[in-house]
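[1] Sequence isn't available, so here's the structure alone:
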């Protein structure tokens, strides 16, 4: 399994494309923009369950998909911080309860229905946001606290 490399967060695209982790998960895929003049660029690998999101040419966010996400396969890789895509809600809370900074979801949204529960933790200067579908992880989002901080 490939180890998640957070050193590329908050770095520009020219730095990321030299990184082995980024290259491993962006082979044979193209970047996309939602709107023609958008400053956000996505490198989405549905088969490997990962997105890299660049804003103004800086990698700000990585998404890692769990089993319960319709459009993506399960991400298979090793995470830092004792994170596991195979944990459930109780296991995540047991590991990181003291690091929780925010939570939301489980609201009925117009046209979409019931939203998933999500919980955000601050772990080693990284925001790690878990989204749960029936208490199983459907998405893990990792961002750095602010530009210049290092996730270790």
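    Cool, got the structure. Note that the structure is predicted; figures quoted are calculated from it, not measured.
[2] Below-threshold pLDDT in this structure: ranges please.
    Within the chain, the segments meeting pLDDT under 70 span 1, 33-37, 68, 111-113, 146-152.
[3] can you pull out the strands in the protein?
    Assigned by DSSP state E, the strands in the chain fall at 2-3, 31-32, 40-45, 50-55, 58-65, 77-78, 100-104, 108-109, 113-114, 117-123, 126-133, 136-144.
[4] I'd like the ones you listed written out as TSV, with distance to residue 21 and mean neighbour count added.
    In this view, the C-beta of every residue, glycine as well, is placed from N, C-alpha and C. Listed next are the strands of the chain as TSV, based on distance: least, C-beta to C-beta, whole Å; neighbours: other C-beta atoms under 10 Å:
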stretch	distance to residue 21	mean neighbour count
strand 2-3	6	12
strand 31-32	17	12
strand 40-45	12	18
strand 50-55	10	20
strand 58-65	10	20
strand 77-78	8	14
strand 100-104	26	12
strand 108-109	34	8
strand 113-114	34	9
strand 117-123	19	19
strand 126-133	15	20
strand 136-144	12	20
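[5] Distance to residue 12 for the ones you listed - can I get that in a markdown table?
    Below are these laid out as a markdown table (distance: least, C-beta to C-beta, whole Å):
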| stretch | distance to residue 12 |
| --- | --- |
| strand 2-3 | 22 |
| strand 31-32 | 14 |
| strand 40-45 | 11 |
| strand 50-55 | 8 |
| strand 58-65 | 6 |
| strand 77-78 | 23 |
| strand 100-104 | 27 |
| strand 108-109 | 35 |
| strand 113-114 | 38 |
| strand 117-123 | 24 |
| strand 126-133 | 19 |
| strand 136-144 | 14 |
